[in-house]
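Trainee: Pasting a predicted model and its sequence here:
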Amino acid sequence: MAAILAFAGSNSSTSINFRLVKLTTSMVQNHDIQQLNMAELPFVMFSEDEEKQNGYSDALVDLKDKIQAADGLILSVNEHNGNPSAYFKNVLDWLSRLDRNFFEGTKLLLMSTSGGKRGAKGSLGVIENMLPRFGAEIVTTFSLPGFYDNFSDEAILDEGLKQEHAKALQTFLDALN
């Protein structure tokens, strides 16, 4: 049984990416899953001055410890203007200052969704290229376009996308065994 940490790269209380994470984790059996709602984890904007004056928050250290204790991570990233949100980039900046290889030994299922036709593929691509620099092993990716047309809290509605999502999840789970 693998330990899986799951969260979205969004601090929105109505995050559609977190809804995708929750659906995905509901499909996982026989693994220890911990979900994090990032809307409950505020982080000040990174700056060297902030780091020197106040160091690292307990929430940041706790997040790093949870990531490093996990065998795998289910992560869905949101998109603002074709890129990852400032919030998630800020989280990565803080984590990388605490430990450059904070993802070392962690296998990832990397996902994204948006209301648009591209499913936040811009952000997904940026993050997919960035996370290996911190030690992550991206096992597979999945992008859900047209969230409001293709998603319910019980299932992905489009049959082709539903199968693609299930295949990505199974690939990830197989890599954990």
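Mentor: Received the coordinates, thanks.
Trainee: looking at this protein, which residue lies furthest from center?
Mentor: Most distant from the centre of the chain: Gln53, at 29.1 Å, with distances by C-alpha atoms, centre = their mean.
Trainee: and that residue, helix, strand or coil?
Mentor: Per DSSP: H, G, I helix; E, B strand; the rest coil, the secondary structure class of Gln53 is helix.
Trainee: Quick check: pLDDT value at it.
Mentor: According to the prediction, Gln53 has pLDDT 97.
Trainee: Ok, the one 10 residues further on next?
Mentor: For Leu63, the pLDDT comes out at 98.
Trainee: from here on, count from 19
Mentor: Understood, numbering begins at 19; the last thing we discussed is Leu81.
Trainee: mind checking pLDDT for the one residue sitting closest to the centre of the chain?
Mentor: In the chain, the centroid-proximal residue (C-alpha atoms, centre = their mean) is Leu93; its distance is 2.0 Å. Looking at Leu93, its pLDDT stands at 98.
Trainee: What pairs with whichever strand or helix holds it, parallel or antiparallel?
Mentor: Here Leu93 sits within strand 90-95, counting by DSSP states H and E. Paired neighbours of strand 90-95 in the sheet (DSSP bridges): strand 21-26 (parallel), strand 125-131 (parallel).
Trainee: Among the ones you listed, which comes closest to Leu78?
Mentor: Leu78 lies closest to strand 21-26 among the strands paired with strand 90-95, at 13.9 Å (C-beta to C-beta). Placement of C-beta: from N, CA and C, glycine included.
Trainee: Just the mean pLDDT for the helix or strand just after the closest one, thanks.
Mentor: Using DSSP H and E, the helix or strand that follows strand 21-26 in sequence is helix 34-44. For helix 34-44, mean pLDDT is 98.
Trainee: For helix 34-44, name the packing helices and strands.
Mentor: Helix 34-44 is packed against strand 21-26, strand 50-54, strand 90-95, strand 125-131, strand 169-170, with contacts defined by 3 or more C-beta pairs under 8 Å, 6 or more residues apart in numbering; DSSP states H and E.
Trainee: Recalculate using a threshold of 6 Å.
Mentor: strand 21-26, strand 90-95, strand 125-131 (3 or more C-beta pairs under 6 Å, 6 or more residues apart in numbering; DSSP states H and E).
Trainee: what does it rub up against?
Mentor: Counting by C-beta atoms under 6 Å, 6 or more residues apart in numbering, helix 34-44 makes contact with 24, 26, 28, 51, 92, 94, 96, 129, 131, 165, all of which sit outside it.
Trainee: Done for today, thanks.
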